[in-house]
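Novice: Got a sequence here, can you model it:
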Amino acid sequence: MPSEAALSLSALNAFYGDSHILHDVSLEVAPGRILALLGRNGAGKTTCMNALAGLLTSRTGRILLNGRDISGFSPEAICRAGLALVPQGRRIFRSLSVEENLAVARCPSPPDGRVAWTDEDIYGLFPRLRERRRHPAGLMSGGEQQMLAIGRALVTAPRVLLMDEPTEGLAPQIVAEVGGIVGRLRAAGLSVILVEQHMAFALKLADEVVVISTGRVVDRAPASAFQADPARLEEHLGVH
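Specialist: Just a heads-up that it's a prediction; the model follows:
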């Protein structure tokens, strides 16, 4: 994999027990780019994200973050190295306030010149969180909780952001807002790997697309190639 990649994954094999889920998966995302990881339900997308974030230990393969080998690191060490996950289902701390959720995750003195995101930075992206900053997170709407999940990831000062189904269960207006934020993060130099069932949302944002099926990479190309040939996605995903 080229050394200039923000994140690269080479020949990853991952298992749940004896079940072989990911088979020699390789992908990379460049600095300031968005990679959409697409596939049917059960294709292995979330497994790939969990392996990258250290939540699932891969049997073989190599993960490089800005050229540094983080294979086998703990989730905490991976986060400190500059890789953050916005998980499917948000997984916020429901009993804590917005401020407390952000405080728990914050990296106060990020190394390597990484950007330190403050509460004010997060509230600038998501003004509604400022209004709800002292509210228990579990009492907020789904859209507000998703904003908080993104904010919580950003305060860890990542170079690469993993986003697993960020539009799941959200109203169209909130989906559009999340898309705008992801675009702004890319413009600020952040790299993003996006797992998404909302194909139009993913293709509009992504620079590159990797398609996986039954745990194997079956196609990869610039997003523009899939936009120009909708049948290409339909072949792999059954998209109509």
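Novice: The residue nearest to E177 when sequence neighbours are not counted sits in which helix or strand?
Specialist: Of all residues not flanking E177 in the chain, G143 sits nearest, at 7.6 Å (C-beta to C-beta, 6 or more residues apart in numbering). Yep, even glycine has a C-beta here, placed from its N, CA and C like the rest. Assignment of secondary structure by DSSP states H and E places G143 within helix 142-154.
Novice: counting contacts, what elements does that helix pack onto?
Specialist: Applying 3 or more C-beta pairs under 8 Å, 6 or more residues apart in numbering; DSSP states H and E, one finds that helix 142-154 makes contact with strand 83-86, helix 98-105, helix 119-125, helix 127-131, strand 160-164, helix 172-187.
Novice: Turn these into CSV, columns for mean pLDDT.
Specialist: Written out in CSV, the entries for the helices and strands packed on helix 142-154 read as follows (pLDDT from 0 to 100):
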stretch, mean pLDDT
strand 83-86, 95
helix 98-105, 91
helix 119-125, 92
helix 127-131, 93
strand 160-164, 95
helix 172-187, 91
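Novice: got these as a markdown table, with distance to Y16 and mean neighbour count columns?
Specialist: Shown next, in a markdown table, are these (distance: least, C-beta to C-beta, whole Å; neighbours: other C-beta atoms under 10 Å):
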| stretch | distance to Y16 | mean neighbour count |
| --- | --- | --- |
| strand 83-86 | 18 | 25 |
| helix 98-105 | 27 | 19 |
| helix 119-125 | 34 | 15 |
| helix 127-131 | 35 | 15 |
| strand 160-164 | 17 | 25 |
| helix 172-187 | 29 | 16 |
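Novice: Pull the residues that contact the helix or strand R62 falls within.
Specialist: Secondary structure here is read from DSSP H and E; on that basis R62 sits in strand 60-65. The contact list for strand 60-65, computed with C-beta atoms under 8 Å, 6 or more residues apart in numbering, reads 1, 5-14, 24-25, 51-52, 69-71, 78, 81-83, 159-160.
Novice: would a markdown table of the helices and strands packed on helix 142-154 with distance to L154 be doable?
Specialist: Output for the helices and strands packed on helix 142-154, formatted as a markdown table (distance: least, C-beta to C-beta, whole Å):
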| stretch | distance to L154 |
| --- | --- |
| strand 83-86 | 7 |
| helix 98-105 | 9 |
| helix 119-125 | 6 |
| helix 127-131 | 11 |
| strand 160-164 | 8 |
| helix 172-187 | 8 |
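Novice: residues making contact with the helix holding G143?
Specialist: Outside helix 142-154, the residues within contact range by C-beta under 8 Å, 6+ apart are 84-87, 90-92, 98, 101-102, 104-105, 117, 121-122, 125-126, 128-129, 132, 137, 140, 161, 163, 166, 169-171, 174, 177-178, 181, 185.
Novice: repeat that with 7 Å
Specialist: For helix 142-154, contacts defined as C-beta atoms under 7 Å, 6 or more residues apart in numbering pick out 84-86, 90, 92, 98, 101-102, 105, 117, 122, 126, 128-129, 132, 137, 161, 166, 169-171, 174, 178, 181.
Novice: which parts of it are buried?
Specialist: Applying a neighbour-count criterion of 16 or more other C-beta atoms under 10 Å, the buried positions in helix 142-154 are G143, E144, Q145, Q146, M147, L148, A149, I150, G151, R152, A153, L154.
Novice: That helix versus helix 98-105: what angle between them?
Specialist: Angle, helix 142-154 to helix 98-105, by axes from the mean of the first three to the mean of the last three C-alpha atoms, to 10 degrees: 30 degrees.
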